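**Q** Sharing a sequence plus its predicted fold:
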Amino acid sequence: MKIGIIGTGYIGLTEGLCFASLGQSVICYDIIKEKIDKLKKGIPTLYEENIDFILKENLEKKAITFTDDLKVVLSGSEIVFLCVNTPENPKTGECDLSQIMDSTESISKMSEILGNKFFILAIRSTVPVGTNKQIKEHMLKINPKLNFLICSNPEFSRQGSAIYDFMNPDRVIIGVDNEKSKERMGLVYKPLKDKGFQIFFTNIETAEMIKYASNTFLNIKIGFINEICDICEMTGANVNDIAKAMGMDKRISPFFMKPGPGIGGSCFPKDSIALAKMGNKLGLDLQIINASVNSNIARKNSLANRVINYSKNKLEGKTISLLGLTFKANTDDTRYSPSLNLVEELAKKNIKVHAYDPHGTDKFKYMVNPKTLDFIRFYDNAYLAIKDTELLIIITEWDEFKHLNYKKIYDMIHQKIIVDFRKILDEQEMESIGFKYYYIGKKI
Ligand code: UDX
């Protein structure tokens with residue numbers, strides 16, 4: 001089938017490539033010309049495992065093309081996937097639909113030029129319940145002759161494993177309001193259905209809501225284990241054994257039960273906030289959802305104090321080293337990253353940071369409060385960042401950090417302390433080197 005993708009970001013690009021690998025013919029569009037120029041040359045615009053290889057392969061096969069001309073996508077596609085960002089509105093906390101509205105307005109105007117060719121518009125971006133209907137009405141208001149059907153097809157791919165997740169979905173959710181879109185969307189996902197993956201059809205509002213309910217549930221699940229972890233730190237109970245044993249209960253499942261520095265990324269924090277706001281608008285008091293939002297913010301803001309306590313208050317005016325800036329490993333994304341909260345809180349206490357991340361430095365510089373930047377120096381090598389600092393914090397679980405030479409690092413840090421917010425190192429090994437090794441969940 002001929003597929004168009006509007007918005008060639010994390011989701012648009014990885015999924016465009018996946019559809020191409022599954023044998024569909026794909027045109028990806030983005031408003032940013034430089035991005036399109038790079039992609040045309042086979043240069044990936046984001047970090048995801050193997051993306052360079054998959055991009056090159058599909059360009060060579062001519063299974064995927066890139067354009068910054070909206071006409072080209074619309075004229076060449078039977079199904080257009082809308083994959084633009086729906087970030088948090090920083091003033092209201094609600095889902096900001098401006099990119100969705102701008103794109104759909106442009107499509108409405110454009111298809112008049114294209115002679116009202118039929119297409120299906122699949123909304124892949126996360127949008128509050130009722131938005132698909134609003135988009136449809138808005139588009140028809142601009143152009144009543146528009147010949148299209150709308151459906152909701154929320155994405156569930158995790159950054160860092162987006163390609164694997166797309167190709168091996170737990171389920172594909174498709175919200176439709178007629179048989180024609182059901183049949184067409186069924187054809188797009190036939191290669192996955194043939195491999196035995198579940199395609200779940202429902203109505204449009206339900207599909208929109210499944211995305212928010214799933215992400216917020218996982219947010220609550222991780223927030224819960226983080227709070228259990230706090231109790232363990234005070235009592236000596238072992239949080240990892242608790243998570244393992246709880247996970248043996250099929251009703252709970254072992255996944256998304258790892259305690260850590262708090263939840264980041266482009267989805268969980270903002271989707272939970274947006275769901276809470278949806279509840280507010282409906283006059284509902286969603287206590288569990290609101291509490292999960294606050295609990296996560298509090299956890300991320302508490303990280304600096306934990307480090308200061310571990311060092312027995314000996315950090316003011318000094319420099320610490322930080323490994324990891326991205327919100328998790330295998331991505332260059334720093335949105336809502338716990339390291340942002342950590343450095344901002346440290347800066348408030350006049351503690352400087354020498355930081356290293358394999359892929360996230362540029363995006364981190366862009367995200368962090370400009371005043372805090374004065375307190376941070378960035379390095380392109382872990383050892384250079386660590387050298388001559390008071391203590392070492394590990395906040396992202398990059399594989400590279402597991403394989404550093406910690407005997408060498410021992411001589412580089414003054415207080416001989418490692419604070420490991422992901423528990424990626426071996427406690428016995430670190431203690432045998434001589435470190436005071438604190439990890440999340442350890443009795444304080
Ligand atoms: C998420 C969803 O998983 C995906 O379905 C959705 O469509 C997009 O958002 P992503 O943000 O890429 O994916 O990351 P994910 O791997 O889900 O992790 C989210 C956050 O939770 C990260 O900060 C991660 O470090 C944290 N996490 C995850 C934990 O702290 N513990 C866990 O057990 C799992």
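**A** In hand now; what should we look at? Numbers count the residues shown, from 1 in each chain.

**Q** And the strands in this protein, which stretches?
**A** Remark: strands assigned in the chain by DSSP state E are 2-6, 25-29, 64-67, 79-82, 119-123, 148-152, 172-175, 199-202, 319-323, 352-356, 376-379, 389-394, 413-420, 436-439.

**Q** Report how many residues lie close to the nearest residue to residue 75 once chain neighbours are set aside.
**A** Excluding the flanking residues, the one nearest residue 75 by Cβ to Cβ, 6 or more residues apart in numbering is residue 114, at 5.5 Å. The C-beta positions use only the backbone N, C-alpha and C, and glycine is treated the same way. Residue 114 has 14 neighbours, counted by other Cβ atoms under 10 Å.

**Q** near the ligand, which residues of the stretch 51-200 of the chain show up?
**A** Applying Cβ under 6 Å from any ligand atom, we find that the stretch 51-200 of the chain lies next to the ligand at 155-159.

**Q** make it 5 Å
**A** 156, 158-159 (Cβ under 5 Å from any ligand atom).

**Q** State the distance from residue 237 to residue 230.
**A** 11 Å (Cβ to Cβ, to the nearest Å).

**Q** swap in residue 334?
**A** Relative to residue 230, and taking Cβ to Cβ, residue 334 is found at 25 Å.

**Q** So for those two, which sits in the more crowded spot?
**A** Neighbour tally, residue 334 and residue 230, criterion other Cβ under 10 Å: the higher count belongs to residue 334, 26 against 16.

**Q** shouldn't that one be in contact with residue 363?
**A** Yes. The pair residue 334 and residue 363 passes the contact test of Cβ atoms under 8 Å, sitting 4.5 Å apart.

**Q** per-residue confidence at the residue in the stretch 1-150 of the chain that the ligand sits nearest to?
**A** Per Cβ to the nearest ligand atom, residue 126 is where the stretch 1-150 of the chain lies closest to the ligand, at 7.5 Å. Note for residue 126: predicted pLDDT of 96.

**Q** Same question for the one 5 residues further on.
**A** In the predicted model, residue 131 carries a pLDDT score of 97.

**Q** that older thread, so can I have TSV of the strands of the chain showing mean pLDDT and mean neighbour count?
**A** Shown next, in TSV, are the strands of the chain (pLDDT from 0 to 100; neighbours: other Cβ atoms under 10 Å):
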stretch	mean pLDDT	mean neighbour count
strand 2-6	98	25
strand 25-29	98	24
strand 64-67	98	22
strand 79-82	98	25
strand 119-123	97	24
strand 148-152	97	23
strand 172-175	98	23
strand 199-202	98	16
strand 319-323	98	25
strand 352-356	98	22
strand 376-379	98	18
strand 389-394	98	24
strand 413-420	98	20
strand 436-439	96	20
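
**Q** how about those, which one is nearest residue 400?
**A** strand 319-323 (8.6 Å; Cβ to Cβ).

**Q** what's in contact with stretch 31-40?
**A** 8, 13, 28-30, 44-45, 55, 59, 65-68 (Cβ atoms under 8 Å, 6 or more residues apart in numbering).

**Q** Please disregard the earlier target; I meant stretch 176-195.
**A** Contacts for stretch 176-195 (Cβ under 8 Å, 6+ apart): 1, 3, 19, 22-24, 78-79, 120, 122, 149-151, 153, 167, 169, 172, 174, 199, 201, 203-204.

**Q** Then stretch 400-417?
**A** The set of residues external to stretch 400-417 that reach it, using Cβ under 8 Å, 6+ apart, is 310-311, 314, 321, 323-324, 358, 382-383, 386-392, 394, 418, 424-425, 429-430, 433-438.

**Q** Buried ones in that stretch, by neighbour count?
**A** Residues of stretch 400-417 classed as buried: 401, 404, 406, 409, 413, 415-417 (neighbour count, 16 or more other Cβ atoms under 10 Å).

**Q** Output the strands of the chain as CSV; include the columns distance to residue 245.
**A** Shown next, in CSV, are the strands of the chain (distance: least, Cβ to Cβ, whole Å):
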stretch, distance to residue 245
strand 2-6, 43
strand 25-29, 45
strand 64-67, 46
strand 79-82, 41
strand 119-123, 40
strand 148-152, 38
strand 172-175, 31
strand 199-202, 31
strand 319-323, 30
strand 352-356, 36
strand 376-379, 40
strand 389-394, 26
strand 413-420, 23
strand 436-439, 19
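
**Q** neighbours around residue 361, how many?
**A** Neighbours of residue 361 (other Cβ under 10 Å): 19.

**Q** Just grab the bridge partners of the residue nearest to it when sequence neighbours are not counted for me.
**A** Excluding the flanking residues, the one nearest residue 361 by Cβ to Cβ, 6+ apart is residue 378, at 5.0 Å. In this entry, residue 378 is beta-bridged to residue 355, by DSSP bridges.

**Q** ok, now which ones touch residue 378?
**A** 355-356, 361, 364-365, 385.

**Q** Identify the residues contacting residue 310.
**A** Per Cβ under 8 Å, 6+ apart, neighbours of residue 310: 391, 417, 419, 436, 438, 444.

**Q** and which of the residues you listed is nearest to residue 211?
**A** Using Cβ to Cβ, the contacts of residue 310 come closest to residue 211 at residue 419, 34.7 Å.

**Q** need the helices for the stretch 51-200 of the chain, in chain order.
**A** Using DSSP state H, counting those that start in this stretch, the helices found in the stretch 51-200 of the chain span residues 51-60, 70-76, 98-113, 131-142, 162-167, 179-188, 190-194.

**Q** can you give me the mean pLDDT across the last one?
**A** Along helix 190-194, the predicted confidence averages to a pLDDT of 97.

**Q** what's the answer for the first one, then?
**A** For helix 51-60, mean pLDDT is 97.

**Q** And that helix, what does it pack against?
**A** Contacts defined by 3 or more Cβ pairs under 8 Å, 6 or more residues apart in numbering; DSSP states H and E place helix 51-60 against helix 10-21.

**Q** Dump the C-alpha coordinates for the helix it packs on into PDB.
**A** C-alpha atoms of helix 10-21 as PDB (Å, rounded to 0.1, in the frame of the first residue of the first chain):
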ATOM      1  CA  TYR A  10      11.000   9.700  16.600                       C
ATOM      2  CA  ILE A  11       7.700   8.000  15.700                       C
ATOM      3  CA  GLY A  12       7.300   9.100  12.100                       C
ATOM      4  CA  LEU A  13      10.800   8.100  11.000                       C
ATOM      5  CA  THR A  14      11.100   4.800  12.800                       C
ATOM      6  CA  GLU A  15       7.600   3.700  11.800                       C
ATOM      7  CA  GLY A  16       8.000   4.900   8.200                       C
ATOM      8  CA  LEU A  17      11.100   2.700   8.000                       C
ATOM      9  CA  CYS A  18       9.300  -0.200   9.600                       C
ATOM     10  CA  PHE A  19       6.400   0.100   7.100                       C
ATOM     11  CA  ALA A  20       8.900   0.200   4.300                       C
ATOM     12  CA  SER A  21      10.700  -2.900   5.700                       C
END
